[in-house]
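K.L.:
Using only what follows, build the 3D model:
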Amino acid sequence: MDRVTVDDIAAEAGISRATLYRLFPGGKDVLYDALRSRSTNKFFTELDAHVAAADDLEELIVSILVESTRALRADEHLQVMLSSRPGEVLSSLGFADQPVIIEAATAFLTPRVVSFIGADRSARLAEWLVRVVLSYFFTPSAHVDLADRDSAMAFARAFVLPAFEPAPTTTR
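P.N.:
Here you go, the predicted model:
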């Protein structure tokens, strides 16, 4: 990414350099931020389509694990960056940007979890799921494949559900 110039981007987009700067004052860094924002919004929109249909906590958790992992693996730009500059990407996404990523994903997932376990524990579960997905994405396991529904379900049943059993409903 460091070798890509504003002229390269403008030429690829079929616009002039001046037009690019009018659209993205600040140049390449502002453009990259806009692309990251667009990519993040697309990720959450697609994830929401998958998790919205969950009828119970187990289905919600499995959908979050599977669809998040699949989306990360399918992200061509992320894969190119990981293959060309793995140390830099891992340093950035693994440490410097991780609090922002965790905070945004937790904020997105928390409202989807509330109806299953209540408000008091939903943010903790959402954050934990984000951390699990990132951990298994950056350091894959020979024992757990979160992109595989059966593997993710076995993982959720063994480790997640026992820690976050749904709050009991009271009847009068």
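K.L.:
got a list of what the residue nearest the centre of the chain touches?
P.N.:
When CA atoms, centre = their mean is applied to the chain, the residue found nearest the centroid is S68 (5.7 Å). Shown in contact with S68 (CB atoms under 8 Å, 6 or more residues apart in numbering): L47, L129, V133, L146. Bear in mind the C-beta positions are built from the backbone N, C-alpha and C, glycine included.
K.L.:
Go again with 6 Å.
P.N.:
Contacts for S68 (CB atoms under 6 Å, 6 or more residues apart in numbering) come out as V133.
K.L.:
How far away from the center of its chain is the one helix or strand it maps to?
P.N.:
Using DSSP states H and E, S68 maps to helix 57-74. In terms of CA atoms, centre = their mean, to the nearest Å, the centre of helix 57-74 is found 9 Å from the chain centre.
K.L.:
how about that helix: buried residues?
P.N.:
57-58, 60-72 (16 or more other CB atoms under 10 Å).
K.L.:
Of the residues you listed, which is the nearest to A154?
P.N.:
V62 (9.7 Å; CB to CB).
K.L.:
what's the pLDDT at the closest one?
P.N.:
Per-residue confidence at V62 stands at 98 (pLDDT).
K.L.:
What's the first helix or strand after the worst-scoring helix or strand of the chain on mean pLDDT?
P.N.:
Using mean pLDDT, DSSP states H and E, helix 86-91 stands out as the lowest-scoring helix or strand of the chain, at a mean of 64. For helix 86-91, the succeeding helix or strand toward the C-terminus, using DSSP H and E, is helix 98-117.
K.L.:
other SSEs contacting that next one?
P.N.:
Here helix 98-117 touches helix 119-138, going by 3 or more CB pairs under 6 Å, 6 or more residues apart in numbering; DSSP states H and E.
K.L.:
repeat that with 10 Å
P.N.:
If you count contacts as 3 or more CB pairs under 10 Å, 6 or more residues apart in numbering; DSSP states H and E, helix 98-117 packs onto helix 28-51, helix 57-74, helix 119-138.
K.L.:
tilt between the shortest one and helix 119-138?
P.N.:
For the pair helix 57-74 and helix 119-138, the angle between their directions (axes from the mean of the first three to the mean of the last three CA atoms, to 10 degrees) equals 30 degrees.
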